[in-house]
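Colleague: Give me coordinates for this.
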Amino acid sequence: MSNVTVLPFIAEIFSRVGFVCTCLFNAILIYLTAFKTERITGAYKYLIILFSLICISFSCLEVLAHPYLHNYNGGFIYFSLNDYLGASNDLLKFFIEAYSGAYASIMCMVAVQFVFRFATLMNRKTLLSSFSGFNFVIWILYPLFFCITFGMMVHYCAQPEPYSDDYMKKELFRVYNLEIEKTARFIVIAYNADGSVRWFNLVFLFGAMIILGFQYAVIIYCGIQMQRKMKKELKNFSVSNRKLQQQFFKALVVQITLPTVLFHLPALPVLFSPFFDVKFTFQTGFIYAVFSLYPPIETVAFMLIVSEYSNIFKSEQIPYPL
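Modeller: Model prediction:
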């Protein structure tokens, strides 16, 4: 088996293992949060459940889309390797768009949880009121808005056309033995044949960076403020609640550290390499395979860090989900 076929095969294994683990662990987390936890109540309970549902949706869409990325010189092709559904290219492209949107919504939900913890710890009553009652709809619409926006950017700014197809045609067939016309695909190329910038492709890349950068800005701001004032503000909580708040903060740090290390840092150089006119070919899709393990790892880490869950496992003699 050549290197050409090995990496997509391994990526598919990662994807399916990630899917099974994500569904299993998040189902456990949803059940425990909804019916077993005593101190996790109100808005944060709903945020945990909503985040778990988004993670499950993300993994389901990954299996359906089976997305893969390949960098080639001044561009990259974002395509589906799904050959077991018998679905049309239009449907597979929709799955890729929805998968991309679900990825954006995961990052949005991490930011929302940071905002909630910040509002709780700092006793920002006006901000906290937005998480109660009907106002909670705001924090459902927030990730949904960016989900749709991200998916639409993929749809409108990375559509294949004759020049991009011709640019990637031979490379796609050489590496994956796929005919480009029969493959569900999106293509980003930095420059036209005359050297001019392909602005619609540039809008996609920088639009994606703005969306994700905004989430990181919210996370960093809330995280720094909480870290600076945590000792002072925690004095207003009881000892047991103080410990729980610290655990929530640690869990949030894990939630943002994992995707940063597993996906964003490795992906940045290869996604922007086309604009530096670097001549190389690389199966970037393996990065997506690694990121498929984020939802189950994050879920298990959350249950291990927050003692409310470990106490349930101990009291009911349930084995840890490892």
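Colleague: elements contacting the lowest-mean-pLDDT helix or strand in the chain?
Modeller: For the chain, scoring each helix and strand by mean pLDDT, DSSP states H and E identifies helix 265-272 as the least confident one, at a mean of 75. Applying 3 or more Cβ pairs under 8 Å, 6 or more residues apart in numbering; DSSP states H and E, one finds that helix 265-272 contacts helix 285-291. Every residue, glycine included, has its C-beta placed from N, CA and C.
Colleague: how about the helix it packs on as CSV, C-alpha atoms only?
Modeller: C-alpha atoms of helix 285-291 as CSV (Å, rounded to 0.1, in the frame of the first residue of the first chain):
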residue,chain,number,x,y,z
GLY,A,285,-6.4,16.3,5.0
PHE,A,286,-4.7,14.2,7.7
ILE,A,287,-5.0,17.3,10.0
TYR,A,288,-8.8,16.9,9.7
ALA,A,289,-8.5,13.3,10.8
VAL,A,290,-6.6,14.3,14.0
PHE,A,291,-9.2,17.0,14.7
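Colleague: Which parts of stretch 135-147 count as buried, going by neighbours?
Modeller: By neighbour count with 16 or more other Cβ atoms under 10 Å, stretch 135-147 contains the buried residues 136, 139, 142, 143, 146, 147.
Colleague: Is it possible to get a markdown table of those residues that adds distance to residue 192, secondary structure and pLDDT?
Modeller: What follows is these, written out as a markdown table (distance: Cβ to Cβ, whole Å; DSSP: H, G, I helix; E, B strand; the rest coil; pLDDT from 0 to 100):
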| residue | distance to residue 192 | secondary structure | pLDDT |
| --- | --- | --- | --- |
| 136 | 47 | helix | 95 |
| 139 | 42 | helix | 95 |
| 142 | 37 | helix | 97 |
| 143 | 35 | helix | 96 |
| 146 | 30 | helix | 96 |
| 147 | 31 | helix | 96 |
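Colleague: Take those residues and lay them out in a markdown table including distance to residue 129.
Modeller: Putting those into a markdown table (distance: Cβ to Cβ, whole Å) gives the following:
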| residue | distance to residue 129 |
| --- | --- |
| 136 | 10 |
| 139 | 12 |
| 142 | 16 |
| 143 | 20 |
| 146 | 23 |
| 147 | 25 |
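Colleague: Residue 258: which of those is nearest?
Modeller: Of all these, the one sitting nearest residue 258 is residue 143; the distance, using Cβ to Cβ, is 17.8 Å.
Colleague: and that closest one, what is it in contact with?
Modeller: Applying Cβ atoms under 8 Å, 6 or more residues apart in numbering to residue 143 gives the contacts 54, 104, 105, 106, 108, 109, 112.
Colleague: just residue 117 next, same as before
Modeller: So residue 117 contacts 222, 226, 245, 248, 249, 252 (Cβ under 8 Å, 6+ apart).
Colleague: picking that back up, closest one to residue 315 out of the buried residues of stretch 135-147, please.
Modeller: Residue 315 lies nearest to residue 136 out of the buried residues of stretch 135-147, by Cβ to Cβ, at 30.1 Å.
Colleague: related to what we said a few turns ago, now which of the contacts of residue 117 would you call buried?
Modeller: Among these, those classed as buried by 16+ other Cβ under 10 Å are 222, 226, 245, 248, 249, 252.
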